[in-house]
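Enquirer: What follows is a protein structure lacking sequence information:
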């Protein structure tokens, strides 16, 4: 039975700053000359890990909550850390900083939490080693902790087997210290925040087709960075607005970079009523207000080149599909298996527990929508995107929902539950 007490979501919401852009602002500001000022920075655990790492590398970073001031020391200004660099739960921090550290004159060690120590690092270790980096897995399992001995780097043209911004960015950042032109070619274009922001700071970088091309040893200058709202965080409220009868939500100043906007294209193809307002471009990143209204969604097939543009949104898309009419097929998404959790299996297991008709495939899932879903105990596996997805599912499910380790949302969206309560006008309980 569908939840008889459904509270429509109404109102406006400013989405927290984009996680990917917040990470890069700290990194590139640290490598620039002079001060970089960052506003609307995401004060989530992952981005705070990046700040901590660069502080240990000798960069003065002031975090006043309202803004971040990074007192950069230039491309060659980092100092040998006196302690292990702890990346926490952040794959972006771990992989991107590995590229930077590969070109230094000192040795450093990276680690992270239990999840990071299981996530695959061979995908960056191989190309960085091709460039001459001395990078080793301490436990010899191609995972963190990693020891990186800074070296003189050679430029390469790397053909990435998957479209991954983290792989691409790690190589490009190492390329800043290489002896010639560095190229990275992907099967599809992954998110391009590194290319946009490096250019903004003064790097000589361009894109030809699916190839990013970087010249070494730029003089980077400090900038003012206004971080847009994170579309990956907005996705939960886009889904809620579409799914919950009577809802109408205006999401303010959200980044709609075309390498990240797959959730908007999928939602519209499913029949979603979504309107983009007040579109503009800051720091090369397009933004918009997003008006979302309740809609009757239909199942679709999702795969191919759109997948890199919505890889982090697939858990919430699976929730949308479970409540839509008809069948949704998600394919070409094997990358989900090596995120903070195996998101394919975790979504399938938890949705089945709610009563959904869903099955996993090698590279995705098949969801036959329209079943009545009920509350249950959800194992988030300490994965913020799983926890937020099932919080949205609970809005339409019958009965109580318990989300284990629900506060893992602090990684990317510390105010998620408060914002959900405010828009619903109700106090929601998940445990």
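Expert: That came in fine, so what should we check first? Not measured: the values here are computed from a predicted model. Numbers count the residues shown, from 1 in each chain.

Enquirer: Please count neighbours and contacts with C-alpha atoms only from this point.
Expert: Noted.

Enquirer: OK, contacts around residue 375?
Expert: 354, 394, 397, 398, 399, 400, 401, 402 (Cα atoms under 8 Å, 6 or more residues apart in numbering).

Enquirer: hmm, 6 Å instead?
Expert: 397, 398, 399, 400, 401 (Cα atoms under 6 Å, 6 or more residues apart in numbering).

Enquirer: now swap in residue 212 and tell me
Expert: With contact set as Cα under 6 Å, 6+ apart, residue 212 has these partners: 183, 184, 206.

Enquirer: Just the ones of those in strands?
Expert: Members of these lying in strands (criterion: DSSP state E): 183, 184, 206.

Enquirer: how about the helices of the stretch 151-300 of the chain, start to end?
Expert: 165-175, 193-201, 231-243, 262-269 (DSSP state H, counting those that start in this stretch).

Enquirer: Just send these back as TSV, with distance to residue 110 too.
Expert: Listed next are the helices of the stretch 151-300 of the chain as TSV, based on distance: least, Cα to Cα, whole Å:
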stretch	distance to residue 110
helix 165-175	14
helix 193-201	21
helix 231-243	26
helix 262-269	32
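
Enquirer: can you tell which of those helices is closest to residue 50?
Expert: When those are compared by Cα to Cα, helix 165-175 sits nearest residue 50, at 14.3 Å.

Enquirer: Show me what the closest one is packed against.
Expert: Helices and strands touching helix 165-175, by 3 or more Cα pairs under 6 Å, 6 or more residues apart in numbering; DSSP states H and E, are helix 91-102.

Enquirer: Now with 8 Å, please.
Expert: Counting contacts by 3 or more Cα pairs under 8 Å, 6 or more residues apart in numbering; DSSP states H and E, helix 165-175 packs against helix 91-102, helix 122-130, strand 182-185.

Enquirer: which other residues reach the first one?
Expert: In this case it means helix 91-102. Outside helix 91-102, the residues that reach it (Cα under 8 Å, 6+ apart) are 20, 23, 27, 46-47, 49-50, 87, 108, 110-112, 116, 119, 121, 124, 128, 133-135, 148-151, 153, 166-167, 169-174.

Enquirer: Also the last one?
Expert: Strand 182-185 is contacted by residues 155-160, 168, 171-172, 175, 210-216 when judged by Cα under 8 Å, 6+ apart.

Enquirer: could you redo the last one with a cut-off of 10 Å?
Expert: The contact list for strand 182-185, computed with Cα atoms under 10 Å, 6 or more residues apart in numbering, reads 131, 154-163, 167-169, 171-176, 205-216.

Enquirer: Report the rounded mean pLDDT for that strand.
Expert: Averaged across strand 182-185, the pLDDT comes to 98.

Enquirer: What residues of stretch 286-301 count as buried?
Expert: 286-295, 297-300 (16 or more other Cα atoms under 10 Å).

Enquirer: Return the backbone torsion pair for residue 294.
Expert: When read as degrees, to the nearest 10, the backbone of residue 294 gives phi -50, psi 140.

Enquirer: nearest to residue 61, of the contacts of residue 212?
Expert: Out of these, the member with the shortest distance to residue 61 (by Cα to Cα) is residue 206, at 29.2 Å.

Enquirer: Direction included, what does the host helix or strand of residue 365 pair against?
Expert: Taking DSSP states H and E as the criterion, residue 365 maps to strand 364-368. Here strand 364-368 has these sheet partners by DSSP bridges: strand 327-330 (antiparallel), strand 357-361 (antiparallel).

Enquirer: buried residues in stretch 298-317?
Expert: Burial within stretch 298-317, assessed by neighbour count using 16+ other Cα under 10 Å, is assigned to 298-300, 302, 306-317.

Enquirer: Please produce a markdown table containing the buried residues of stretch 286-301, extended by distance to residue 144 and pLDDT.
Expert: Converted to a markdown table, the buried residues of stretch 286-301 look like this (distance: Cα to Cα, whole Å; pLDDT from 0 to 100):
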| residue | distance to residue 144 | pLDDT |
| --- | --- | --- |
| 286 | 34 | 96 |
| 287 | 35 | 97 |
| 288 | 38 | 97 |
| 289 | 39 | 98 |
| 290 | 38 | 98 |
| 291 | 41 | 98 |
| 292 | 41 | 98 |
| 293 | 43 | 98 |
| 294 | 44 | 98 |
| 295 | 44 | 98 |
| 297 | 41 | 98 |
| 298 | 42 | 98 |
| 299 | 39 | 98 |
| 300 | 38 | 98 |
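
Enquirer: how close does residue 32 sit to residue 218?
Expert: Per Cα to Cα, to the nearest Å, residue 32 is found 9 Å from residue 218.

Enquirer: what is in contact with the two at once?
Expert: Common neighbours of residue 32 and residue 218, using Cα under 10 Å, 6+ apart, are 74, 75, 201, 202.

Enquirer: which residues touch the third one?
Expert: To tie it back to what came earlier, the one meant is residue 201. 25, 28-29, 31-33, 36, 218-224, 283.

Enquirer: Then the second one?
Expert: Listed by Cα under 10 Å, 6+ apart, the contact set of residue 75 reads 28-33, 100, 103-104, 176-177, 217-221.

Enquirer: now the last one
Expert: When the contact criterion is Cα under 10 Å, 6+ apart, the partners of residue 202 are 32, 218, 219, 220, 221, 222, 223.

Enquirer: and with 6 Å instead?
Expert: Residues in contact with residue 202 (Cα under 6 Å, 6+ apart) are residue 220.

Enquirer: How many neighbouring residues does residue 65 have?
Expert: 11 (other Cα atoms under 10 Å).

Enquirer: so how far is residue 234 from it?
Expert: Here residue 65 is placed at a distance of 21 Å from residue 234 (Cα to Cα).

Enquirer: before we move on, what about residue 125?
Expert: Distance of residue 125 to residue 234, given as Cα to Cα: 32 Å.

Enquirer: can you check residue 399 too?
Expert: From residue 399 to residue 234 the distance is 26 Å (Cα to Cα).

Enquirer: what's the answer for residue 29, then?
Expert: 26 Å.

Enquirer: cool, and residue 245?
Expert: To residue 234, residue 245 is 19 Å away according to Cα to Cα.

Enquirer: Between those two, which has more neighbouring residues?
Expert: Per other Cα under 10 Å, whichever of residue 245 and residue 234 has more neighbours is residue 234, with 24 against 17.

Enquirer: And the closest residue to the more buried one other than its chain neighbours, what's its pLDDT?
Expert: Excluding the flanking residues, the one nearest residue 234 by Cα to Cα, 6 or more residues apart in numbering is residue 15, at 6.2 Å. On pLDDT, residue 15 comes in at 96.

Enquirer: Many thanks, I have nothing further to ask.
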